[in-house]
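Asker: quick one: sequence plus predicted model below, questions after.
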Amino acid sequence: MKTLYDIAKVIRSKNAGPFSITLDVLFDDAQTYRKVKEANLINKPLIAKLYQIPEDSITELVYFDQAYGIKVTYDRKISSGTIGDRDVYGAQQHAPLMLLPVDDVVCG
């Protein structure tokens, strides 16, 4: 079974200020990017499910055709650096996307 990790060049996360996290998914080629985009593989309901957040806390989900990339920004549950925050830089939040199955998209 292929996963998003297998087909993306970069999957990363980072702070988008102290109150938001940004997820980036970048592809090497237009064909793979187009297949993912046309299948609407990454969407608000999926992100809400993977990250156990309400859809309305997803403030941005954009497909950037020129960069073969997808950007998702969502509100943090706890602001960066606050007591209880376990990822001050937001650098480990991309993990749930890595194992996303993509067989139907890539092989279909």
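Answerer: Thanks, I have it.
Asker: could you say which helix or strand contains residue 84?
Answerer: For residue 84, there is no helix or strand it lies in under DSSP states H and E.
Asker: report the secondary structure state of residue 12.
Answerer: Here residue 12 is strand, with the state taken from DSSP: H, G, I helix; E, B strand; the rest coil.
Asker: can you check residue 50 too?
Answerer: Using three-state DSSP, the structure places residue 50 in helix.
Asker: where's residue 9 relative to residue 66, distance?
Answerer: Counting by C-beta to C-beta, to the nearest Å, the separation of residue 9 from residue 66 is 15 Å. Where you see a C-beta, it was placed from the backbone N, CA and C, and this is true even at glycine.
Asker: these two: which is more packed in?
Answerer: residue 9 (13 against 5; other C-beta atoms under 10 Å).
Asker: stretch 78-95: end-to-end distance?
Answerer: 18 Å (C-alpha to C-alpha, to the nearest Å).
Asker: can you give me the helices in the protein?
Answerer: In the chain, the segments counted as helices under DSSP state H are 4-7, 30-38, 44-51, 95-98, 103-107.
Asker: closest one to residue 17 among the ones you listed?
Answerer: helix 44-51 (17.4 Å; C-beta to C-beta).
Asker: could you list the residues in contact with that closest one?
Answerer: Residues outside helix 44-51 that contact it (C-beta atoms under 8 Å, 6 or more residues apart in numbering): 23, 53-55, 57-58, 61, 72, 74, 93, 96-97, 100.
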